[in-house]
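> okay, here's the prediction I keep looking at, along with the sequence it came from:
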Amino acid sequence: MKLDTTHRAVTDVRILDPETETISDPTTIRVSDDRIVSIGDQVEPGDQPLDAGGSIAIPGLIDCHVHVLANSANLGGLGDQSPSYLAASAINTMQDALRRGFTTLRDAGGADFGLAQAAAEGLFTAPRLFYGGKAISQTGGHADMRAPGTTVMDTHQCCPHMGVVCDGVSEVRRAARHQLRTGADHIKLMLSGGVASPTDRVDSTQFSDEEIRAAVEEAEAANRYALGHAYTARAINRGLRLGVRSIEHGNLLDEESVRLFREHDAFLVPTLVTYQRLRIDGAANGLPRESQDKVENVLYAGIDALRLADQGDVNIAYGSDLLGDMRSWQSHEFMIRSEVQSPGAVLRSATTTAARLLRQEGELGRVTPGARADFLLLKANPLEDIRILAEPESSLTHVFSRGGLVTS
């Protein structure tokens, strides 16, 4: 995969605004040095024109919940793999996402400063990567991948465990500061049990109020934010009251959750496609038996939670959370959400709303002058049928990323 960074003028293109749900008349997008220079101006000397033939331009898509190092659903085994091997695997994963039109990824546990730096410096063609380093978990929490009979866990920063285990306010503060020291864009907290971890219950709450608040304080002190893995309303609502900015999954939220999301202007990041694929493909991708048994607990509640949040006008961002070979289904989340949300709402979740979550308003999620030059050209109008984004191989004609045209 390559990035052609020739100065471009994309002509005869119609621009879709996700916020107003309008499409412009045919115009010209001029791109230079990772910025949209202008819209509507004539082609300038030095520009290489690209005739879009009336195609629709939408902002580059943003997936707010990925794990680029998770080349298997057996997350406990990641720490035993070579970091260099997982980095090479992550390159393929990120490039596959870019081919699907995802020009920005937010990693929710595992990716580190080295991978983000390599992508930013163009050592390989890749989406923008926002990373949090290792997720923070209590003993026996969702990022504690030790089996009941295992005691030792290698916590060295270089080793590709997805999380770090800590207990007590001082340990949580230290863990958060370690991730922020490396330049992390956010802090990931495990607020409840989960599917992939071996010893916790999905309906458990994790960490004390004081521990959660300590991590939130450290993130805020660094002008960053905390995101929280949570399934049950009890865990979700605790996290929101204590200052967590985004809730990941949220399959069992309630009316009180909706009120708290709105009160704190917080974000929900559903990841419905991962449960569908875990049920179908989890075993083949290394998901342990004890984790397979947990999938049913959260699978069917997720669509009802999405409906409740959408009706309650919650900020909803796009997430996939797929592991191993199941990551090829990343775009299928569009199909699932179309059962509940309007096309415009789904599109905003992967563009403007996601950009607000990342605190990248004006930079990402819009095709406007001065914004980063991440945009896609589509054959059809996603506002008429958002499901076309679930099939990027047939609907997507061109991907612009970091100001360049992505080519094979």
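Okay, I see it. Numbering: from 1, shown residues only.
> how far away is residue 39 from residue 128?
Residue 39 sits 21 Å away from residue 128, going by CB to CB, to the nearest Å. In short, each C-beta sits where N, CA and C put it, glycine included.
> higher neighbour count, these two?
In this view residue 39 and residue 128 are compared by other CB atoms under 10 Å, and residue 128 has more residues nearby, 24 against 17.
> next up, the contacts around the residue lying closest to that one once chain neighbours are set aside.
Excluding the flanking residues, the one nearest residue 128 by CB to CB, 6 or more residues apart in numbering is residue 104, at 4.4 Å. Neighbour list for residue 104: 60-63, 127-130, 354, 358, 360, 364, 374 [criterion: CB atoms under 8 Å, 6 or more residues apart in numbering].
> what is the neighbour count of the nearest residue to residue 350 once chain neighbours are set aside?
Once flanking residues are discounted, residue 350 sits nearest to residue 318: 3.8 Å by CB to CB, 6+ apart. Using other CB under 10 Å, residue 318 has 27 other residues around it.
> residue 318 contacts residue 59, correct?
No - Residue 318 is beyond contact range of residue 59, at 11.9 Å (criterion: CB atoms under 8 Å).
> show me the shaky parts of the chain.
Within the chain, the set of residues satisfying pLDDT under 70 comprises 140-160, 195-202, 285-298.
> how about a cut-off of 50?
For the chain, no stretch has pLDDT under 50.
> tell me where the longest helix sits in the protein.
Longest helix of the chain, by residue count under DSSP state H: helix 83-99.
> how about that one as PDB, C-alpha atoms only?
Only the C-alpha atoms of helix 83-99 are listed here, as PDB (Å, rounded to 0.1, in the frame of the first residue of the first chain):
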ATOM      1  CA  PRO A  83       6.300  -7.500  20.200                       C
ATOM      2  CA  SER A  84       7.900  -7.200  16.700                       C
ATOM      3  CA  TYR A  85       5.600  -9.900  15.400                       C
ATOM      4  CA  LEU A  86       2.500  -8.200  16.700                       C
ATOM      5  CA  ALA A  87       3.700  -4.900  15.300                       C
ATOM      6  CA  ALA A  88       4.000  -6.400  11.900                       C
ATOM      7  CA  SER A  89       0.600  -7.900  12.300                       C
ATOM      8  CA  ALA A  90      -0.800  -4.500  13.400                       C
ATOM      9  CA  ILE A  91       0.500  -2.900  10.200                       C
ATOM     10  CA  ASN A  92      -1.600  -5.300   8.100                       C
ATOM     11  CA  THR A  93      -4.600  -4.700  10.300                       C
ATOM     12  CA  MET A  94      -4.300  -0.900  10.100                       C
ATOM     13  CA  GLN A  95      -3.800  -1.000   6.300                       C
ATOM     14  CA  ASP A  96      -6.900  -3.200   5.900                       C
ATOM     15  CA  ALA A  97      -8.900  -0.700   7.900                       C
ATOM     16  CA  LEU A  98      -7.600   2.100   5.600                       C
ATOM     17  CA  ARG A  99      -8.800   0.200   2.600                       C
END
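> which SS class is residue 259?
When classified by DSSP: H, G, I helix; E, B strand; the rest coil, residue 259 comes out as helix.
> number of nearby residues for it?
14.
> need the contact list for it.
residue 312.
> quick revisit: who touches the residue nearest to residue 350 in this structure?
Contact partners of residue 318, counting by CB under 8 Å, 6+ apart, are 61, 62, 63, 64, 269, 333, 346, 349, 350, 354.
> swap in 10 Å and give it another go.
61-65, 102, 106, 269-271, 330, 333-334, 337, 346-351, 353-354, 357 (CB atoms under 10 Å, 6 or more residues apart in numbering).
> that's a strand at it, yeah?
No - Residue 318 is assigned coil when assessed by three-state DSSP, not a strand.
> now do it against residue 221, distance only.
From residue 318 across to residue 221, the span is 29 Å (CB to CB).
> then residue 172?
Separation of residue 172 from residue 221 (CB to CB): 14 Å.
> more neighbours, those two?
residue 172 (28 against 11).
> residue contacts, the more buried one?
Per CB under 10 Å, 6+ apart, neighbours of residue 172: 136-138, 164, 166, 187, 189, 207-208, 210-218.
> and the closest residue to residue 243 other than its chain neighbours, helix, strand or coil?
Excluding the flanking residues, the one nearest residue 243 by CB to CB, 6+ apart is residue 216, at 4.1 Å. Under three-state DSSP, residue 216 falls in the helix class.
> residues near residue 216, how many?
Burial of residue 216 is recorded as 22 neighbouring residues (other CB under 10 Å).
> which residues does the residue nearest to residue 407 when sequence neighbours are not counted contact?
Using CB to CB, 6+ apart and skipping residues adjacent in sequence, the residue nearest residue 407 is residue 2, 5.0 Å away. Under the criterion of CB under 10 Å, 6+ apart, the neighbours of residue 2 are 125, 404, 405, 406, 407, 408.
> ok, residue 367 to residue 356 distance?
The gap separating residue 367 from residue 356 is 16 Å, by CB to CB.
> of these two, who's got more company?
Shown here are residue 367 and residue 356; by other CB under 10 Å, residue 367 has more neighbours (25 against 17).
> in stretch 215-224, which residues are buried?
Applying a neighbour-count criterion of 16 or more other CB atoms under 10 Å, one finds 215, 216, 217, 218, 219, 222, 224 buried in stretch 215-224.
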